[in-house]
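> no sequence for this one, just the structure:
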């Protein structure tokens, strides 16, 4: 693929001789694209020829990928390291994590547990080169829940951190939700079950009472938004979905009856298969504690089956990674693991159109007139050459808002 530099003439970007995956269709379409003012204006055999032309002959063009479970501030697998660190340091580290995600082809991320309006504004004004950034602010956790980073054997006063905040009770939760929306949150994240890296809670039992979850989901609904919930086991997933949660994160232990319940409620599943694989392979490298390794083994091998159960029940399945600390460089591997579980077509849909629907952004995750000009140009066809999608050493061009990202255009 070749890119001609911009010259005087028609503004925008033209992509010629492309085989296009539009975000949903089973068949690739041979066509050209014209992007103007950051939006796809034309998709046809003949389109306006802009000053900048990208010749995609021999390449496949996808919508820019969406990672719906990302953590900009997740610089470590040890909670106290990111909860108590100076926010200025987290933001600088987070900016680098976001830039690397963009270079891999992720043009949008949803940060579910962390992020704030300062980082978002830095991205919007061009101070930081990053994907489109949607954030929830700190996730809400009950005392002793997955977002409570305090070990049981240490007396530490830490209720509010950068990625999680311990909030108990209906009234306090309502205030916390309202404050997140005041600060520009895209959605709300709650911890509805135990987690792998949290120090003092078992994985399976549901967290938060029905009244507490309903308080959060009703506040979000009134704001025109929704709630994402960390949950693994059927009892926790059913508890969350039954009380209004729209997006179930992880869901590794999902069974068919609970998948049917999710479908009945119109809930989404956002699997994060790669994080458990990465913690299993690289636990020594990142200093994963023994208690976390034991809990990781409980969910490691069940995630692929959970995705299959969800799809069989008609649950929309998105894509996320949830990689903390140095594990972030396995982000593309998440696509491989999901493709091995459910196939390439379902995986590409998950990382584009389905995730866009989850985000309620019809302008993302698709190649069609009116969609944002976010594209990923691969040097091969992922349906016949899957490594073209996830091999970080392969050539790729990333386009965000109609502008090729420097360092990726070839």
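Done, it's in. Only a predicted model underlies this, so the values are computations on that prediction, with no experimental measurement involved. Numbering: from 1, shown residues only.

> Where does pLDDT dip in the stretch 51-200 of the chain?
For the stretch 51-200 of the chain, residues meeting the criterion pLDDT under 70 lie at 152-160.

> Do a quick rundown of the helices in it.
Counting by DSSP state H, counting those that start in this stretch, the stretch 51-200 of the chain has helices at residues 79-83, 87-104, 117-124, 170-182.

> out of these, deepest packed?
Most buried of these, by mean neighbour count (mean count of other C-beta atoms under 10 Å): helix 79-83, with a mean of 21. (Each C-beta comes from the backbone N, C-alpha and C, glycine too.)

> Spell out, range by range, the strands that occur in the stretch 1-150 of the chain.
2-4, 13-20, 29-36, 39-44, 52-55, 60-63, 65-70, 106-111, 132-135, 139-141 (DSSP state E, counting those that start in this stretch).

> Dump the helices of the stretch 51-200 of the chain to JSON lines, plus distance to residue 71.
Converted to JSON lines, the helices of the stretch 51-200 of the chain look like this (distance: least, C-beta to C-beta, whole Å):
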{"stretch": "helix 79-83", "distance to residue 71": "9"}
{"stretch": "helix 87-104", "distance to residue 71": "8"}
{"stretch": "helix 117-124", "distance to residue 71": "12"}
{"stretch": "helix 170-182", "distance to residue 71": "16"}
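
> so which of those helices comes closest to residue 131?
Nearest to residue 131, of all those, is helix 87-104, at 5.0 Å by C-beta to C-beta.

> Report the angle between that closest one and strand 65-70.
If you take axes from the mean of the first three to the mean of the last three C-alpha atoms, to 10 degrees, helix 87-104 sits at 150 degrees to strand 65-70.

> Is there a neighbour count for residue 128? I'd like the number.
Neighbours of residue 128 under the rule other C-beta atoms under 10 Å: 21.

> Sorry, wrong one. I was asking about residue 348.
Per other C-beta under 10 Å, the neighbour tally for residue 348 reads 24.

> is it true that it touches residue 386?
No - between residue 348 and residue 386 there is no contact under C-beta atoms under 8 Å: 10.5 Å.

> quick one: residue 181 and residue 355, what's the gap?
Separation of residue 181 from residue 355 (C-beta to C-beta, to the nearest Å) stands at 22 Å.

> got it, and residue 275?
From residue 275 to residue 355 the distance is 17 Å (C-beta to C-beta).

> More neighbours: the two, which one.
residue 355 (30 against 25).

> give the contact list for the closest residue in space to the more buried one that isn't next to it in sequence.
The shortest distance from residue 355 to any non-neighbouring residue, by C-beta to C-beta, 6 or more residues apart in numbering, is to residue 66 (3.9 Å). Residues near residue 66 by C-beta atoms under 8 Å, 6 or more residues apart in numbering: 106-110, 318-319, 351-352, 355-356, 359, 364-365.
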